[in-house]
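[1] Need a 3D model of the sequence below.
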Amino acid sequence: MLGTCVLCGWTDNCPEKYGEKRTYVEYNLTLHNYCLLMSSGIWQRGEENEGVDGFLIEDIRKEVNRAARLMCNICRKKGASIGCVAPKCKRSYHFPCGLQKECVFQFMEDFRSYCWEHKPVQIFSDKESREPSQCTICLDLVEHLPLYSVLRSPCCKNTWFHRECLQYQALSAGIFFFRCAVCNNKDKFQKEMLRMGIHIPEKDASWELEDNAYQDLLQCYQHCDIRRCLCKNGRDYNKPDSKWEIKRCQSCGSRGTHLACSSIKSWEQNWECVECRSIFAKGKYSKRKKHSLAPSEKMDGTTCLLEEPSPKLPRQSPGSQRNCLLQSPKIICQNNLSPCSLLELPTSNRVAMSLSPLMSNRNCSLRKKHLRMQRKEASNILKELKQQINTKTTRLNINTENIWKSALKGFRQRNFRPTNTIEVKFTNCKNRVKTDSFTGSKHLFFHLLMLHIQNSSLFEGSSAKNLSVDPQALKENLYFEAGKMIAVSLVHGGPSPGFFSKILFDCLVYGPENVKPNLDDVADAGVAQTIKKIKYSESLSSLQSTVRDCYDFLAAAGCLRPITSLRDKDMLVNDLLIHHVIKRIISPLESFRQGLKTLGLLEKMEMHPDAFSSLFCHKPENLSAEALCDLFTIHSSPDVNKVGAADFWMGYLQDVESGESVVTLQDILFFVTGCSSIPPIGFDPEPTIKFLPVHYPIGNRLLNCLELPITRTYENFKNKMEFTIRSTLRGERE
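    Numbering: from 1, shown residues only. All right, here's what the predicted structure looks like:
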């Protein structure tokens, strides 16, 4: 009769219990999949596409005829095709009858079957607690008894399951995702469950087979909510790496704006919508960092020499300023390169500043000093790595309007080698910043590239960022490329990243298995809020209630565990943190680490983690008069100090830093080197200053040399500096 299984004689169609029921009209056959697999007298002799999954039709008919002569020891009917494999046991039964009698069917190797007397059992110690606990899957109570319906985890102590719950989970998860719901052990757990008769199908998880199952998670909010949108193509128009790119609110992510509509730059991160700004303004977590502090707030009531002087105080003369500024710059005589007799150099031959008003906060000063020492150590290491760079040149054609696409194309070109000298040419002349040296162009390229990587979909978080999970980026190997670009940037003289979170840096240098995350490391606000609910549960009942409410959340993270006491929440919170901060990004992290191995950078990071932490986890220190004076070595003749040229230079830096000049310290550095900041590796050649009988300052970017005029008065020196630097930079920008 068509519709009745020819092996067991049952018409029931329950795939979870008996496997898929299939009817083959051309052969006049109806079969349960499990009945066929477990039959004792048949084997797969054909290919997968022959007969029924490799079981030949003639073999199936022979097995039906063989079973017709055997009586089931349970229902006492003919057709018992399954026999117990225990020695000397002659029991036979139908598959459905065996399930009812609690026989064990092993869906592995030879597909063995054991009757109710010879079935494998799990051994329980007499010392173990017999009190019931929660099934880790359904959270209902399960008895700690040697029952067919109860199974115990082989890898986690006191972890129990209902057999039915485990079977449903195995059918859903498949062989690739079925594992212990508490510790995520896969091999040991699957081996024991197969022995105890749990069928684990060789297929992908059901949620992976569903079309567009995660489509909603991959969609980002793209709509300009500014009252007066300037985009002619509409509020939903989004063009990445242009002024019409839509930037989302960093706090809620549910409001957006075109860059042009809010007059923000692509690298700016701190845009917030009106609703979020009003909330933070009212709350105690108002972002005070957006407002500059008064001098009294910065220095505990003391006045800083580097702050703009009060209009009520008489302005200091250039001479008095110089006396309190940079007492001993690096000066080398031109005749014998020995220290000049008229200026006393410190022991370290470096610049020393008289900054006593800035020392009121001693701890802050010590931290900054320690950070400088770490950066100096990292700089020396990068200089060692730079020795790999040869003179062969690789040229990159870069479009600043699409920095990532053009950089990716350049790094993936066939002739690109990280050890080659990199030369950068900007192809979009309209928006190009002109520089006299290819060093300036290269530094600008790496600067723009680091800003793009920082704000790309590869990372998540506000200021201190962790890796995100971007499936498309993983598919295109973009995490590797980003790591490679950062390594190449640092060794070739680019800027430091400065946006890594401490947890990300530690995972890179110490390995993810040696890092313990905390709640602050969770970038997703919703996830953090859920973990907080569990962490701050005050009673066992409230904890169990929260766990039940978060069942899907915990199941997705593989963090389901029985909750029998309030102390269990600590381990549960730890598991959640490890999953969402570390395990979730294992694939991107490994790909990113491979990229950082370029030029041997990651190896040096692992050897000197403290030094490189200053480059990856801390933003570069703001350019200061002290830093510039320390950067330049002054080559002068013995008579330079007689006219006060060196004092004029130091006094001018002081005026620029205090805001009493039309140029900035960045302008001065760019005028000389073509770079607006000091790269971690430093400059090659090292910047120098020469006082020569010239009318106006000259910045030689090929030699990083600043030639300064010798003047009689400080006012004349300052006027020449400002006129030349301002005119030069204005001409380049135009």
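[2] Can you dump the C-alpha atoms of stretch 80-89 in PDB for me?
    Extracted C-alpha coordinates of stretch 80-89, given in PDB (Å, rounded to 0.1, in the frame of the first residue of the first chain):
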ATOM      1  CA  ALA A  80      11.300  -6.600  11.800                       C
ATOM      2  CA  SER A  81      14.300  -5.500   9.800                       C
ATOM      3  CA  ILE A  82      16.500  -4.300  12.700                       C
ATOM      4  CA  GLY A  83      18.500  -6.600  15.000                       C
ATOM      5  CA  CYS A  84      20.400  -6.000  18.200                       C
ATOM      6  CA  VAL A  85      24.200  -6.300  17.500                       C
ATOM      7  CA  ALA A  86      25.000  -7.600  21.000                       C
ATOM      8  CA  PRO A  87      26.600 -11.100  20.900                       C
ATOM      9  CA  LYS A  88      24.100 -13.900  21.300                       C
ATOM     10  CA  CYS A  89      21.100 -11.500  21.300                       C
END
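[3] How many residues are close by residue 512?
    Residues within reach of residue 512, counting by other C-beta atoms under 10 Å, total 20. Glycine gets a C-beta too; all of them are placed from N, C-alpha and C.
[4] Spatially nearest residue to it, not counting backbone neighbours?
    Across the structure, with C-beta to C-beta, 6 or more residues apart in numbering as the measure, the residue nearest residue 512 apart from its sequence neighbours is residue 582 (4.7 Å).
[5] can you tell me which residues contact the residue nearest the centre of the chain?
    Nearest to the mean C-alpha position of the chain, by C-alpha atoms, centre = their mean, lies residue 467 at 1.1 Å. Shown here is residue 467, whose contacts under the criterion C-beta atoms under 8 Å, 6 or more residues apart in numbering are 458, 459, 460, 479, 504, 585, 588, 589, 592.
[6] Now flag whichever of the residues you listed is closest to residue 633.
    Sorting those by distance to residue 633 puts residue 504 at the head of the list, at 37.3 Å, by C-beta to C-beta.
[7] how about the nearest residue to residue 133, chain neighbours excluded?
    residue 562 (5.0 Å).
[8] Please report phi then psi for the one you found.
    Backbone geometry at residue 562, expressed as degrees, to the nearest 10, gives phi -70, psi 140.
[9] Poorly predicted segments of the chain, please.
    1, 212-218, 265-270, 278, 280-365, 429-439, 636-644, 733-734 (pLDDT under 70).
[10] if we can go back for a sec, verify the stated contact: the residue nearest to residue 133 with residue 136.
    Yes: applying C-beta atoms under 8 Å, one finds residue 562 in contact with residue 136, separated by 5.6 Å.
[11] Figure out how far the longest helix anywhere in the chain is from the centre of its chain.
    Among the elements of the chain assigned as helix by DSSP state H, the one spanning the most residues is helix 362-386. Put simply, helix 362-386 sits 24 Å off its chain's centre (C-alpha atoms, centre = their mean, to the nearest Å).
[12] got it, and stretch 234-248?
    Stretch 234-248 has its average C-alpha position 24 Å from the chain's average C-alpha position, going by C-alpha atoms, centre = their mean.
[13] just use 42 as the starting number from now, easier for me
    In the new numbering, first residue 42, that becomes stretch 275-289.
[14] what residues does it touch?
    So stretch 275-289 is contacted by 261-266, 270, 272, 274, 295-301, 303, 305, 307, 312, 442-446, 493 (C-beta under 8 Å, 6+ apart).
[15] among those residues, which are in strands?
    297, 298, 299 (DSSP state E).
[16] Show the end-to-end separation of stretch 233-251, please.
    As for stretch 233-251, its first-to-last residue distance stands at 29 Å under the measure C-alpha to C-alpha, to the nearest Å.
[17] next one: stretch 75-95
    Taking C-alpha to C-alpha, the first and last residues of stretch 75-95 lie 14 Å apart.
[18] on that earlier part again, who has more neighbours out of residue 603 and residue 177?
    For residue 603 against residue 177, the residue with the higher neighbour count under other C-beta under 10 Å is residue 177, and the figures read 25 against 22.
[19] Provide a list of residues in contact with the more buried one.
    The neighbours of residue 177, taking C-beta under 8 Å, 6+ apart as the test, are 194, 200, 201, 202, 222, 223, 601, 602, 603.
[20] try 10 Å this time
    With contact set as C-beta atoms under 10 Å, 6 or more residues apart in numbering, residue 177 has these partners: 183, 194, 197, 200-203, 206-207, 210, 221-223, 595-596, 601-604.
[21] again, but for residue 737
    By C-beta under 10 Å, 6+ apart, the residues touching residue 737 are 748, 749, 750, 761, 762, 764, 765, 766, 768, 769.
[22] quick one: secondary structure of it?
    Judged by DSSP: H, G, I helix; E, B strand; the rest coil, the three-state class of residue 737 is coil.
[23] what's the closest of the ones in strands among the contacts of stretch 275-289 to residue 47?
    Proximity of those to residue 47 (C-beta to C-beta) peaks at residue 297, which lies at 62.6 Å.
[24] okay, now the closest one: neighbour count?
    The criterion is other C-beta under 10 Å. On that basis, residue 297 has 24 neighbouring residues.
[25] Residue 51 now?
    Close neighbours of residue 51, defined as other C-beta under 10 Å, add up to 17.
[26] Same check on residue 172?
    For residue 172, the neighbour count with other C-beta under 10 Å is 10.
[27] what does residue 608 give?
    For residue 608, the neighbour count with other C-beta under 10 Å is 10.
[28] what's near enough to touch it?
    The contact partners of residue 608, by C-beta under 10 Å, 6+ apart, come to 581, 584.
[29] Which strand or helix spans the residue lying closest to residue 301 once chain neighbours are set aside?
    Distances taken as C-beta to C-beta, 6+ apart put residue 284 closest to residue 301, at 4.0 Å, once the chain neighbours are dropped. Following DSSP states H and E, one finds residue 284 outside all helices and strands.
[30] Could you check how far residue 81 is from residue 657?
    Residue 81 sits 63 Å away from residue 657, going by C-beta to C-beta, to the nearest Å.
[31] Actually, residue 734.
    Using C-beta to C-beta, one obtains 46 Å as the distance from residue 734 to residue 657.
[32] CA atoms only: put the strand or helix carrying residue 596 into CSV for me.
    Here residue 596, judged by DSSP H and E, is contained in helix 592-598. This file holds the C-alpha atoms of helix 592-598, laid out as CSV (Å, rounded to 0.1, in the frame of the first residue of the first chain):
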residue,chain,number,x,y,z
TYR,A,592,16.8,32.8,26.0
ASP,A,593,17.3,33.5,22.3
PHE,A,594,20.1,36.0,23.1
LEU,A,595,21.9,33.4,25.2
ALA,A,596,21.3,30.6,22.7
ALA,A,597,22.7,32.6,19.8
ALA,A,598,25.8,33.2,21.8
